[in-house]
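Participant: Pasting the sequence and the predicted model now:
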Amino acid sequence: MKLTTMTTTALLMLAAPALAAGSHAGGHDEMMAAGKPGEASDVDRTVAMTMSETDDGRMIFEPAGLEVRQGETIGFTITNAGEIDHEFVVDSHEKNMEHKVLMEKFPEMEHDDPNAIRLSEGGSGEIIWTFAVAGTFEFACLIPGHYESGMKGDIVVASK
């Protein structure tokens, strides 16, 4: 079957968002830089995370940072208390910066990754994450302009 240049271009344009929206690790159960998806039965503690905007235009997470132990499984309960969409992505700073570039190209990108959730105003959701690796990682909102407005925080994972 012979494809025309126009057909090929159209197919590539349709495939690009799907590729961009895929898992960063190639699968939902694989180890990523900041750890791996956890199981509800293994949650060691729950952290309530709130996303919002301030009157002066900053965009924030509460709490602004987090300390965990290597091997600890955290159940994040995430609420968007703001007036616009926000997302919560857990990864290394480097991987978040790669994702941020993709988000600038595809701002309406759908996420189907175990380390990320996008919520509309008033929305809530959950991520269960096992921090299997010691080090400093990051949670961030990578919707264009949000990271620059302060929507990021560090997760320090202390070794066992």
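Facilitator: Thanks, I have the structure now. Numbering: from 1, shown residues only.
Participant: From Phe131, how far out is Lys152?
Facilitator: Lys152 sits 17 Å away from Phe131, going by CB to CB, to the nearest Å. For the C-beta atoms, the positions are set from N, CA and C on the backbone; glycine is no exception.
Participant: So for the two, which sits in the more crowded spot?
Facilitator: Phe131 (25 against 22; other CB atoms under 10 Å).
Participant: pretty sure that one contacts Met32?
Facilitator: No - here Phe131 does not reach Met32: they are 10.6 Å apart, not a contact under CB atoms under 8 Å.
Participant: Can you list phi and psi of the residue nearest to the spatial centre of the chain for me?
Facilitator: In the chain, the residue lying closest to the centroid (CA atoms, centre = their mean) is Val89, at 1.5 Å. Main-chain dihedrals, Val89, degrees, to the nearest 10: phi -130, psi 130.
Participant: Now do the contacts for the closest residue to it other than its chain neighbours.
Facilitator: Residue nearest to Val89 in three dimensions, not counting chain neighbours: Ala116, with 4.3 Å by CB to CB, 6 or more residues apart in numbering. By CB atoms under 8 Å, 6 or more residues apart in numbering, the contact list for Ala116 reads 87-90, 127.
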